[in-house]
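>>> Starting from these lines, generate the structure:
(5 chains, ligands or ions: 4)
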Amino acid sequence: LTGCAQSQRGDQGGGGKTGGTLNFGLEGQPKLFDPFYANEGATFTVTHQIFNNLVTFKPGTTELTGDLASSYETAADGLSYTFHLRAGVKFTDGTTFDADAVCKNFTRWYNQTGAGQSEAVSQYWVDNVGGFADGKDPSLYKGCQAKDTSTAVVSVTKTSSQFLDLLAEAPFAIQSPTAMDKGKANEVKQQGDSFTFPDYSNAPVGTGPFKLAKNDVANKTIELVRNEDYWGEKAKLDKIIFKVIGDETVRKQELQSGGIDGYNLPSPADWSALETAGYQVLKRPVFNVLYLGVGQKNNASLRDLKVRQALAYAINRDQLVKTQLPAGAKVATQFQPENVDGYAKDVQAYNYDLARAKQLLNEAGASKLSVNFYWPSEVTRPYMPNPQNIYTAIANDLKAAGITVNAITKPWNGGYLTDVDQGKADLFLLGWTGDIPAPANWTGTFFASTTNRFGIGNSPWGQQLVDSLKAADAEPDTAKRTADYQDINKKLMSDYLPGVPLSHSPPAIVFKKGITGFVPSPMTSSEESYASVSLG
Amino acid sequence: MSEPLVSVEDVKVHFPIKRGVVLDRTIGYVYAVDGVSLTIQRGETYGLVGESGCGKSTLGRGMLRLVEPTGGRVVFDGTDLSALRGENLRRMRRRMQMVFQDPLSSLDPRQSVESILVEGMRAHELDKGREETGKQLRELLSAVGLPSTALRKYPHEFSGGQRQRIGIARALAVKPDLIIADEPVSALDVSVQAQVVNLLEDLQEQFGLTYLVIAHDLAVVRHISDRVGVMYLGGLVEEAGSDELYAEPLHPYTKALLSAVPVPDPLVEDRRERILLTGDLPSPAAPPTGCRFHTRCPWRQAERCDTERPVLREILGGHRVACHFAEEIRDGKIRPHEVEPVLVHPDEVLIAPDAG
Amino acid sequence: MTITSRKARIDKLAENGDAGVSLVASAWRRLRRSPVFLVGAAIIVAFVLIALLSPLLAPHDPSATLLLDQVSKAQNKIPDPQPGYPLGGDDQGRDFLSRLLIGSQQTLMVGVLATLFGLAGGLVLGTLAGALSGWVDTVVMRIVDVMLSIPSILLAVSIAALFVHPNQYTVIVAVAIVQIPVFARLLRGSMLAQRASDHVLAARALGVKPGAIVFRHMLPNSLSPVIVQATIVLATSIIDAAALSFLGLGNPDDSVPEWGSMLGRSQGLLDSHPELSFWPACCIIVVALGFTLCGESLRDALDPKNRR
Amino acid sequence: MALLEVRDLTVQFRRRGEEPFTAVDGVSFDVDPGQTIGLVGESGCGKSVTSLAIMGLLPRKGNQVTGSVRFEDTELLSLSQSQMRDRRGRDLGMVFQDPLSSLNPVVSIGLQVTEVLERHRGMARKAAMVEATELLDKVGIPDPGRRLSEYPHQLSGGMRQRALIAMALACRPRLLIADEPTTALDVTIQAQILALLKELVTDTGTALIMITHDLGVVAGLCDEVNVLYGGRVVERAARHELFAEPRHPYTHGLLASIPRLDAPRGEKLVPIKGSVADNIPWDGACAFAPRCPNALDTCTQVTPEQESLANRLLRCHNPVEVTA
Amino acid sequence: MLRYTVRRLGQLVLVVLVLSLLIFAWLHSLPGGPVSALLGERATPESTRALTIQLGLDQPIFVQYWKFLLRALSGDFGVSLGVQPGASVVDVFLTRFPATIELSVCAIILAIVFGIPLGYLAARRRGGWFDNLSIGASLIGVAVPVFFLAFLLKYIFAVKLGILPSLGRQDAIDATRVTGFFVLDGLLTQEWDASLNALKHLILPSIALATIPFAVIFRITRAAVLDVQDEDYVRTAESKGLTTRVIRARHVLRNAMLPVVTTIGLQTGALLAGAVLTEGVFNFPGVGDALATGFRQHDYPMLEMLVLVAAIVYVLVNLLVDLSYALIDPRVRAK
Ligand SMILES: Nc1ncnc2c1ncn2[C@@H]1O[C@H](COP(=O)(O)OP(=O)(O)OP(=O)(O)O)[C@@H](O)[C@H]1O
Ligand SMILES: Nc1ncnc2c1ncn2[C@@H]1O[C@H](COP(=O)(O)OP(=O)(O)OP(=O)(O)O)[C@@H](O)[C@H]1O
Ligand SMILES: [Mg+2]
Ligand SMILES: [Mg+2]
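Numbers count the residues shown, from 1 in each chain, chains lettered A, B, ... in the order given. Ligands and ions are numbered 1, 2, ... in the order given. Predicted coordinates:
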């Protein structure tokens, strides 16, 4: 596997003019600017401009390519990776980027101690790589070796379908070891019910096209300026000002009143109006899934496949997608979109069929089915633009099938996720935006454990599903692995049906007329670069 | 006749003044009534006069246990009222009633005259059936000179004099022995005052009532009372039959008071010699030491008056006075002199603006 | 003119009929002549009628997604007014007019129940404090102080957030609890004033039982400021409930329409579909205005200064 | 020539939706310099309204004042607001009934006194303060220097009334109207205030209109007494004549119904029956007729006119016979 | 007066203690909280459990409260979970409080500047068209939900007309931060356009926030002036022949101001509540927005601190009002 080392950004940027400031509406306040400790999109949107990873996805695709590593190879046994590093790259603090710096980054990640090991702090590492140097938990990572200044070899403990993809993820950006040492980057502390981060987290040093100039918390603005010494093609913009605006309506109005030049995640309802008004609404390729989760823990009738199938038949997903979801949304046939490995074409379909649903319920002896139905308030997710509307539409369908629906709503972080995690919900709305195109990041994540949100441990096939997912992930042979996952997806839809996949909907980003050079990524803002953006 | 109905023995009513940082604590007292003893005979009218704030009303209320006396005893018809509690006290209330100064505010504006009158009867199980009660009510109204149509009206529809009649009828409804009338006429027009005074007199005759009449108008008190007590700053300074009191006031304060009352007769007015008191009434929260009156007394003598509080002592038959030098003054042995007015600040109250 | 006729005329002037005119009646007479009150009352009557009759008036089931096929998120399409649907549909394809009409029920219920609960709580606390005084008073008033030391919306929001399963009743409870200290303090204040008044003293002197004094004399006479407050609270509780819905603390299930949440939910569509916010906002404003007008004129009418 | 001539003064209150109410109905009297005139009558008979009408202090809306009030050579009723302002406090002073509510609670006594001096005598604040101290001293307020910086609530009732008098007399007005200046005070304090007023009036030669319902006060103070009933003067005489021989049944009745401190006890009072509420309108009758023991048929049919008898004015069809 | 102040402060301590306990118990009994805020939607039951134990959230509530109290006494109120995750709530508060103060001061000044003169004029022209018109306006002002008004104002003036900024405290211009009060900072550093810019941002939110205080102040002023106009002492002042100017200023207005001052205080205290609704609409980074966001995200260290501070501010404002009341009313100034 050899990635090609060429800067593609320049080509796509076209000939936009240089200079100027882009004001951009960011959907949330970044927690910090050290991506390793972050787990939300707002942070990654910013850090992706400041940092580079060893590898990256080609803009607008899910295809892996080199970045700081101009090329890379995977060993035949799948247990080590060799990265050939780009020469002449400097961190914005003036220090040199080399194999040593790469390994120092790996070592830093691996050597987290104390609070740094908490899943609340180093979530991506813990979720995807596992344990740390102290060996308490098994880790996928084994070691890093700087063969020479421009070659780094990273070894792993077992083959993994997703390791390379992972390194393209925002948290695993390469940061300046000198700056991290100076800023005591690892001094995460638990304070009260939460964690505090060292100064470094507000003064990140990377190799990216921009550097952080100012984080004005009082005014909720973040200012990036062009990195004049960037190793690749220099950014066109002098400055990016991110204005933190939590509410999507407020973002829209700020765009309309000219305060910002673009913003992330416009409400799908606004797309057509914005387009009519002359704004560019850039839709990202679909890379998410919205599903109706079915919790088997509390409600015994839901352990019956027929009941779950009845639910699937009862929901008019075509209409849901047509009326409640944005343009470009599709009905989901399985728990992952087409552009992720392992997509199965011939899964069992559940077309809207009310009679069938009722019949299945009858057969299962659950004609008087009563469920509590959780939906989250105070939140929109890229895959779920308006939870209440979606809930209402589905609830209406279920009621039509004779199911009693009790609505329960909670704020996203104010009980919704907790309750769902604890299996309190019979039905719940949830979804996923993929980090990487590896199926392990999808079905592998949803059903990784029998005590998951769906409570699949309550069904005999639960363990079976978990095992088959583990096996598929560890399969080094790509073709075999793909087949394994396809098989799993088919079974998921026909034999297990732990939930009802509803839709894939494209999240969008909007810009003022005349702004060019932005390439929307399926993996959304954490993989989108503003270096090629130009004011026109 | 001379059988005592009520006797008041050294009654004190001290209102605590509270203030504090987090919780209130008492930082002083208003000595509203400070050791009063008197006896009211059955069937007589006892008049109580004094300037405003001297504790007349408080004494009256203390006698009825409407405020809790801080000390002393009130014996009513052989029963020590201060020992009574709860239901016993409530039952006792039937026998002692009160008529108030402000005829409007003492009547519940939301109740018709009928329910005002029936309420007391009901409380003491005196209402026996609709008809019987109706009859009683009509009698009551005619006794106080109101038409029976008044029953269905509300207090605010009456004139002041009529309201006072309702107040009197309310007291009468429970057939009491004693009526304490707290300034029963001072809120009324001159011409109406006389009607109410006459009414009170008639009712006394008709029902054999005993009265304690409180007023600041000496002329009225003298007119209806058999005996008069003069109060000054929480204490009784003089007590005598009403004629004797006018004929020969012994206490310097009584003298001043009498001389200050205007008489509607120019001939008298032109000839009168006035004893003008200087200064104001001291605050009952900080009464002067010794004789309470010494700060304003034209006959004040050094030392004794300032330090020793005179007791009420009988000088002539039934004439009691609280003055160390009553005899000397009467006999002209002590001459009045100039008095330097003393500054008196009325109680300063902390009005915390309500935050609600 | 003869004596008799003159007298008769004067008698009539003085007597004013034999039935007697209570204070309430005379206040009512003043009210009837006040245009402010009439406007307010008209609004309220209309509103109550609509709320009661809305099941008959509403052309459609407010939760039926009849026009769903005309809805499209993607094209930001919401059913336009059309025959049978004079105000069109909402973003779920439900008949907007029906939702507005039926929405009055929830709003009325929230307003009335919140006020009633607040009033009841305030009455209990205020009566306790005012009637018993002493340490009960101190304790009650400290509680009231603590509650009053948090701004009202904040308190309502806090309480509403307390409920694990928010619904229309939790909104009512939240709004009601916020009103309790206000009522309690008001009532205690006037109870204390009553307690010191001569007519209560007279009742005590008469030997009327303490309970009867509190309930027959002190309470009824202390009520008028409370009633005025209640009318005004009706207005504010409707607005507060709307604010709670706006903040997402209202009833999650929007199959039962409610103006506050209708307004809150449609603000995002203000530029493309202003009517979706306009109508519920109008309804809230008009109804709140109605209650405020009534409250204000009631206050004037019951003000002893205006009594003649 | 009289200092103040009140002729046919009539004040009507009009309220929307109600019949106009005549509170003062053709009142006439004269006040000579240095003279003390009494206006007596029960509550509601129009005493205060009369005095307010003279001072031009009736509420601007809802009333109608007719007749004439001549002060020296000026017709007060035809003066403009601002001209009247120049007179009030300088030529005409007034003392009100309730000394507490008549003083501004948030303005110091000193300022309340000096503001008159500043306004009418153009004095500077400093000089005015000195003058104010003297004034307070003159009305018998002890330690006047300190009192200047105090506020009304810090004074006792008597002192407040003294302060009010000091304000009214600050510019040595030629006419002082005292509207029940002692009603809110205790007897002993009342005696002090009355003595003070008497002294000031004699000292300064100020004419005084004394308004009161207390016949005793009038008996001791006034040169001439007007008895008002239902907005009209029903009897006027010099005080000795009036008290010796009250001719109007109302005056007579009043005197008979007040208990007298100096009279022997035991006599029953003779009240006037009914109350002011029983009044009937003056037009076509005598307002007092329903309560009058001497009432004739004519009394309810013909309005009695004001007649001059020997040294008195009387408005009665059937006056009380002179005894003795 | 000092006594009184001390007494009120003593009561405040009590209130704050009781409140802190109540709020703590309440917030901690809510689901979600730190764990779900920190882990987000990627949480698994296992990680949730582990974190709960790590953060000590499985301990009994009183143990947690005691720890919280000890930390709070040393000035550590914890770390924000949602409003500005990772930042100490004290820091968040300190950066946001000036914003709300700026906004509230602006709003209350607006309310006073319009409320008092209009109220006074309405009283003077009682029953006239001006009176009726302004009463009507104030009644409607109270009836319009604040958040809707805010929305409308923004929509019209910022979105449609584009004459005023629609959100934030300041455009991202190069402004030096000194005190955290942006308007003041601009003046201090002589960056006039920074001040001007911040002021512009204040206009719409403070108008929205000012409507209710305006209406209340207006009505109280009107009623107070009407009351005072009929007082005996005003008649006395008239009888002294004083000029209308003196009568109005010294005798009418000064007395009428007493209830108005109380009202201003109460309204100022209540502004925070209004700010919760207004700041969100204008994305104004003040404590009101922090509160709303905190509630939405169950950022309870933040909420704990903010609700307490709100109570303290409210009580202090009222105390200030009482004290200022004493300044203008000598009757209160006793002892
Ligand atoms: N409940 C109370 N608490 C505190 N002080 C009181 C209370 N009641 C009366 N006082 C004070 O006690 C003193 C005597 O009052 P009281 O009412 O008995 O006087 P009074 O002689 O009846 O006066 P007046 O003629 O004005 O009615 C006054 O200084 C009064 O302020
Ligand atoms: N502003 C007013 N509007 C309407 N009626 C008024 C007004 N002022 C006074 N009156 C009426 O005029 C009549 C005379 O009132 P006035 O105040 O002169 O009585 P008074 O003799 O001074 O009585 P008092 O002894 O109670 O002071 C009363 O019936 C009163 O109700
Ligand atoms: Mg008394
Ligand atoms: Mg008068």
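>>> OK, contacts around the spatially most central residue of chain B?
Most central in chain B under Cα atoms, centre = their mean is residue B:214, positioned 2.9 Å from the mean C-alpha point. Residues in contact with residue B:214, defined by Cβ atoms under 8 Å, 6 or more residues apart in numbering or on different chains, are B:47-49, B:56-57, B:59-60, B:180-183. Any C-beta I mention is one placed from the backbone N, CA and C, and that applies to glycine too.
>>> low pLDDT regions in the chain?
You didn't pick a chain, so chain A it is. A:1-15 (pLDDT under 70).
>>> my bad, the chain I had in mind was chain E
Looking at chain E by pLDDT under 70, you get E:1, E:31-32, E:332-335.
>>> domains for it, by residue range?
Here the domain assignment for chain E is E:2-73, E:106-163+E:209-297, based on automatic domain parsing.
>>> does the shortest one come close to chain B?
Yes: part of domain E:2-73 sits close enough to chain B to count as contact by Cβ under 8 Å from any Cβ of the partner chain, namely E:3-4, E:6-7, E:10-11, E:14.
>>> Give me the buried entries from these.
Listed as buried from those are E:4, E:7, E:11; burial here means 16 or more other Cβ atoms under 10 Å in any protein chain shown.
>>> which residues of chain D fall in helices?
For chain D, the helices defined by DSSP state H cover D:47-55, D:81-87, D:109-121, D:125-138, D:144-147, D:157-169, D:187-204, D:215-221, D:239-244, D:249-257.
>>> Quick one: mean pLDDT for the second one?
The reference is to helix D:81-87. The average pLDDT for helix D:81-87 rounds to 90.
>>> Buried residues, that helix. List them.
D:84-85, D:87.
>>> Show me the contacts of residue B:214 that map onto strands.
B:47-49, B:180-182 (DSSP state E).
>>> Most widely separated two among those residues?
The span of the ones in strands among the contacts of residue B:214, defined through Cβ to Cβ, is set by B:49 and B:180 at 14.3 Å.
>>> Now for the closest residue to residue D:110 other than its chain neighbours: which residues touch it?
What sits nearest to residue D:110 in space, not counting adjacent residues and going by Cβ to Cβ, 6 or more residues apart in numbering or on different chains, is residue D:148, at 3.2 Å. Applying Cβ under 8 Å, 6+ apart to residue D:148 gives the contacts D:108-110, D:113, D:129, D:132-133, D:136.
>>> how near is the residue in the stretch 101-250 of chain C that ligand 1 sits nearest to to residue C:144?
Per Cβ to the nearest ligand atom, residue C:196 is where the stretch 101-250 of chain C lies closest to ligand 1, at 7.4 Å. Distance, residue C:196 to residue C:144, using Cβ to Cβ, to the nearest Å: 20 Å.
>>> ditto for residue A:183
From residue A:183 to residue C:144 the distance is 52 Å (Cβ to Cβ).
>>> same thing with residue B:262?
Counting by Cβ to Cβ, the gap from residue B:262 to residue C:144 is 52 Å.
>>> I'd like to know which elements the helix or strand residue A:463 falls within is packed against.
Using DSSP states H and E, the secondary-structure element containing residue A:463 is helix A:461-474. Applying 3 or more Cβ pairs under 8 Å, 6 or more residues apart in numbering or on different chains; DSSP states H and E, one finds that helix A:461-474 makes contact with helix A:443-446, helix A:478-491.
>>> Identify the residues contacting the longest one?
Residues from elsewhere that reach helix A:478-491 (Cβ under 8 Å, 6+ apart): A:161, A:334-336, A:341-344, A:346-348, A:439, A:443, A:465, A:468-469, A:471-473, A:475.
>>> quick one, that helix and helix A:461-474 angle?
Put simply, helix A:478-491 runs at 160 degrees to helix A:461-474, going by axes from the mean of the first three to the mean of the last three Cα atoms, to 10 degrees.
>>> Flag every buried residue along helix A:478-491.
Judged by neighbour count using 16+ other Cβ under 10 Å, the buried positions of helix A:478-491 are A:481-482, A:484-486, A:488-491.
>>> which among those residues gets closest to residue A:223?
residue A:485 (43.5 Å).
>>> Stretch D:210-218 and chain E in contact?
No: Stretch D:210-218 lies out of reach of chain E by Cβ under 8 Å from any Cβ, never closer than 13.6 Å.
>>> so does stretch C:275-289 get close to chain E?
Yes: using Cβ under 8 Å from any Cβ, stretch C:275-289 comes into contact with chain E via C:277, C:281, C:284-286, C:288-289.
>>> Show me those that map onto helices.
Using DSSP H, the residues of stretch C:275-289 next to chain E in helices are C:277, C:281, C:284-286, C:288-289.
>>> Quick check: the farthest pair among those?
C:277 and C:289 (17.7 Å).
>>> what's the longest helix along chain E packed up against?
When chain E is parsed with DSSP H, its longest helix is helix E:192-229. Here helix E:192-229 touches helix E:89-124, helix E:129-143, helix E:146-153, helix E:182-188, helix E:254-281, going by 3+ Cβ pairs under 8 Å, 6+ apart.
>>> Any chance of CSV for the ones you listed, columns mean neighbour count and distance to residue A:380?
Shown next, in CSV, are these (neighbours: other Cβ atoms under 10 Å in any protein chain shown; distance: least, Cβ to Cβ, whole Å):
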stretch, mean neighbour count, distance to residue A:380
helix E:89-124, 21, 24
helix E:129-143, 17, 31
helix E:146-153, 24, 18
helix E:182-188, 19, 30
helix E:254-281, 24, 15
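>>> mind checking which of these is nearest residue B:322?
Among the helices and strands packed on helix E:192-229, helix E:254-281 sits nearest to residue B:322 (Cβ to Cβ), with 44.5 Å.
>>> Now do the contacts for the residue in the stretch 1-150 of chain E positioned nearest to chain C.
Nearest residue of the stretch 1-150 of chain E to chain C: residue E:143, at 3.8 Å (Cβ to the nearest Cβ). Shown in contact with residue E:143 (Cβ under 8 Å, 6+ apart): C:235, C:239, C:284-286, C:288-289, C:292.
>>> can you tell me how far it sits from residue C:287?
Distance from residue E:143 to residue C:287, by Cβ to Cβ: 8 Å.
>>> Quickly list what's touching both of those two.
residue C:235.
>>> so what's residue 113 up against?
Going with chain A. A:132, A:134, A:186.
>>> please go with chain B instead
B:150-155, B:166.
>>> redo that, cut-off 6 Å
B:150-151, B:153, B:166 (Cβ atoms under 6 Å, 6 or more residues apart in numbering or on different chains).
>>> and if you look at residue E:198?
Residue E:198 makes contacts with E:169-170, E:182-183, as judged by Cβ under 6 Å, 6+ apart.
>>> let's see it at 10 Å
A:219, E:99, E:102, E:165, E:168-171, E:173, E:175, E:181-186, E:191 (Cβ atoms under 10 Å, 6 or more residues apart in numbering or on different chains).
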